[in-house]
Each structure stands twice: as structure tokens, then as C-alpha cells.
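Asker: what follows is a predicted structure for the sequence shown.
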Amino acid sequence: MPSKNNIALTYMLLVFIWASTPLAIVWSVSDLHMLWALALRFFIALPLAFIFLLLLKVRFPVDQTALHSYVAGSCSLFGSQIFTYLATSYLSSGMIALMFGLAPIIAGLIGRFAFQQRLKKLQWFGMLVAVLGLGIICLGGENQHVQPVGIGLMLLSVLIYAMSIFWVKKVNAKVEPVAQATGSILVSTLMAILMLPLIWPYAPTEIPETKALFSLLYTVVMASLIAMFCYFKLVQNIQATTLSLTTVMTPMLALLIGAFLNQEALSLTVLMGALVLLFGLFLYFFHDLRASRTLARKQAHPETYLD
């Protein structure tokens, strides 16, 4: 079991990568067809993942349970990301990250209706507030790079991502995080190969410009490798809804990154909608945050809480 500091650092690294990845995706498709950018991401990531596996001397199991877990994990890669890449035509990088902030709510709904996990009244209210914020964003983004089609694509992406979290947890394979990430990238690569006949007419005929190429490599190394190692490490050591909380911290950071590095101007209405959505997420996690603070106090001063 990794230490708390180790888990905390993994958490912070994952937040940073997920906050910066949407802009890298947007830049990578500036000189490549969006689905070719996705396919190339996995084609490059796969050999690198196996090299990491060999260097770290981690066993790569291929039993039935492990293979099942790889398929489940690939849903958070190819299954989810295909809709994210399609959404780049309709949303800014900041809005893509903001939409991923809905993952905790989607995960909560899946837990409630698929696994009979109870939700508190404040959590339901937080969901309604978040949906209200999403509605404000849709209304305020008509004349900017915020379109309802992109919102719909990202909702599909987030739904598949959230389902993947529960699926991997349910399979509960005894697989090292590095092996899990590598296996999921392998399955995603196979899916990308099956997609090639559909996108072959849009194949790149020359080397992409520097910004697109650098961004593609960033999505490979940081998002497809480092982030996935962090992600599956957290999946195996924390609760699904707690893992989804990582996405709560990324939207505002991603909006700032998009504004400063990509000049993504947002209207006051869209910003208000983003704040309302984030406030809904805060309400949703309020009880969890309070419980975490209480637990931290008990661990710091156990003598105070003795009966």
C-alpha cells in the first residue's frame, strides 16, 4: 500500500496533467485530423509503455481477469477520448476540461442506480446546481467556441470515463498500475487500428508543424503514459468517487491555461456558468470534504477523540 504522501503527490500530478492535456489535444488537431491525432497518440504510446514495463521489470499478466481489466481500462482511454477529440471542433480547451468536471456527478449517478449507493440531499441539490451552470454555459456560448454539439459529445465522453472507473474496480484484477495502463493502451491501440479504414482518406501527408507535433508528444508521454500510471494507481488505492474528485480541481486551472496560452476569451455569461457548475460540484462533495477534515483531525490528535 503506497504512503499517503505518495498518493497525494500522484493526485497533484494527475490534476496538473489533466488540466493541461485539453489544450495539448486542441493544439495537436490544429495540423492533424482529430481522429488521426488520437490514433497516432496510441501508436506512439504503446511501444513506450512496453519499454517502461521492461525497465521497471513489472510482470504483464495475460490471464482472463487481467485481460478483462485491460478492456475496462481502455474505455477511459480510446472509448472516452474519441468523443473528446471530436468535441475539439465545438469547444475550447478550457470548456473541455470544465465538462470533465462533471465526472464526479456522473459517477455518483452510476453508483446510485447501478450499485444502490445512497446519495444525500445536498448531493442531489449539488447536481441540480451543476446542471443549471451547464445550461448557462450553453446559452452564453452560442457566439463563441462553446456549442451544444460539443457539450453532448463531452457528456458521452465523461459518461464512458465514469463507467470505466466502476468497471475496473469491479473486475479488481491483481495487476500493477503500470501493467494496467500498458494493457489498456494495448487494447486502445487495437481499437485505433480498427478505426483506420474510416480515417485513411484523412491520413497526414507531411510532418505536422512544431506546435502540433509537440502537443501530440505531450498527449503521448504525459496523458497516455504518466497520467494513466497515476490514474490506475489511484483506482486501486482510493474510492471511485474520490478519484473523480481529481477532475473538480482541473477546470479553473485549465480555463486559465487556455486563456493565457491560447487566448481563449470567454464571455461573462460562460464564466458565470462555469462558477455555478463548480459551486454545484462543491455542494456535491461538501459532506465528503467535511468527513475528510474530521478524519484528518482524528489522525492528528487521536487522544482528543477517545471515548
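Answerer: Arrived safely.
Asker: only C-alpha atoms from now on, for both contacts and neighbour counts.
Answerer: Fine.
Asker: secondary structure element holding the closest residue to residue 20 other than its chain neighbours?
Answerer: Residue nearest to residue 20 in three dimensions, not counting chain neighbours: residue 254, with 6.1 Å by Cα to Cα, 6 or more residues apart in numbering. Residue 254 belongs to helix 250-262 when assigned by DSSP states H and E.
Asker: helices or strands up against that helix?
Answerer: helix 4-28, helix 93-100 (3 or more Cα pairs under 8 Å, 6 or more residues apart in numbering; DSSP states H and E).
Asker: other residues contacting the longest one?
Answerer: Spelled out, it's helix 4-28. 34, 37, 85, 88, 92-94, 96-97, 211-216, 218-219, 222-223, 227, 230-231, 234, 246-247, 249-251, 253-254, 257-258, 262 (Cα atoms under 8 Å, 6 or more residues apart in numbering).
Asker: following that helix, which helix or strand comes up?
Answerer: helix 34-55.
Asker: circling back to that earlier point, what about burial for the contacts of helix 4-28, which qualify?
Answerer: 34, 37, 85, 88, 92-94, 96-97, 212-213, 215-216, 218-219, 222-223, 227, 230-231, 234, 246-247, 249-251, 253-254, 257-258, 262 (16 or more other Cα atoms under 10 Å).
Asker: what about residue 63, distance to residue 56?
Answerer: 21 Å (Cα to Cα, to the nearest Å).
Asker: scratch that, residue 80
Answerer: On the measure of Cα to Cα, residue 80 and residue 56 end up 28 Å apart.
Asker: neighbour count for those two, which is higher?
Answerer: Shown here are residue 80 and residue 56; by other Cα atoms under 10 Å, residue 80 has more neighbours (23 against 10).
Asker: surely that one meets residue 161?
Answerer: Yes: in this structure residue 80 lies within contact range of residue 161 using Cα atoms under 8 Å: 5.5 Å.
Asker: mind listing what the residue lying closest to residue 67 once chain neighbours are set aside touches?
Answerer: Sequence neighbours aside, residue 183 is the residue nearest to residue 67 in space, at 7.6 Å (criterion: Cα to Cα, 6+ apart). Contact analysis of residue 183 by Cα under 8 Å, 6+ apart lists 60, 67, 70, 71.
Asker: for the nearest residue to residue 78 once chain neighbours are set aside, give me its contacts.
Answerer: Nearest-residue entry for residue 78: residue 188, 5.1 Å, with adjacent residues in sequence omitted and distances by Cα to Cα, 6+ apart. By Cα under 8 Å, 6+ apart, the contact set of residue 188 is 42, 74, 77, 78, 79.
Asker: cutoff 10 Å now
Answerer: By Cα atoms under 10 Å, 6 or more residues apart in numbering, residue 188 lies in contact with 38-39, 42-43, 46, 70-71, 73-79, 182, 194.
Asker: just the buried members of those residues?
Answerer: 38-39, 42-43, 46, 70-71, 73-79, 182.
Asker: please identify which of those residues is nearest to residue 52.
Answerer: Using Cα to Cα, residue 182 comes nearest to residue 52 of the buried ones among the contacts of residue 188, at 9.0 Å.
Asker: wait, isn't the closest one in contact with residue 52?
Answerer: Yes: counting by Cα atoms under 10 Å, residue 182 sits close enough to residue 52 to count as a contact (9.0 Å).
Asker: report the buried residues of stretch 150-157.
Answerer: So, applying 16+ other Cα under 10 Å, buried residues of stretch 150-157: 150, 151, 153, 154, 155, 156, 157.
Asker: what's the average pLDDT for that stretch?
Answerer: Across stretch 150-157, the average pLDDT comes to 93.
Asker: list the contacts of it.
Answerer: Contacts for stretch 150-157 (Cα under 10 Å, 6+ apart): 75-92, 95-100, 102-103, 106, 134, 137-138, 148-149, 158-162.
Asker: any idea how far that stretch is from the middle of the chain?
Answerer: 13 Å (Cα atoms, centre = their mean, to the nearest Å).
Asker: and for stretch 77-94?
Answerer: 11 Å.
Asker: got the CA positions of it in CSV?
Answerer: Extracted C-alpha coordinates of stretch 77-94, given in CSV (Å, rounded to 0.1, in the frame of the first residue of the first chain):
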residue,chain,number,x,y,z
LEU,A,77,-8.7,5.9,-23.0
PHE,A,78,-10.0,5.2,-26.5
GLY,A,79,-13.7,4.8,-25.5
SER,A,80,-13.8,8.2,-23.8
GLN,A,81,-11.2,10.1,-25.7
ILE,A,82,-12.7,9.6,-29.2
PHE,A,83,-15.6,11.8,-28.1
THR,A,84,-13.2,14.3,-26.5
TYR,A,85,-11.3,14.6,-29.8
LEU,A,86,-14.5,15.1,-31.8
ALA,A,87,-15.5,17.8,-29.3
THR,A,88,-12.4,19.9,-30.2
SER,A,89,-14.3,21.2,-33.2
TYR,A,90,-17.0,22.7,-31.0
LEU,A,91,-15.4,23.6,-27.6
SER,A,92,-12.4,25.4,-26.3
SER,A,93,-9.8,23.5,-24.3
GLY,A,94,-11.0,25.2,-21.1
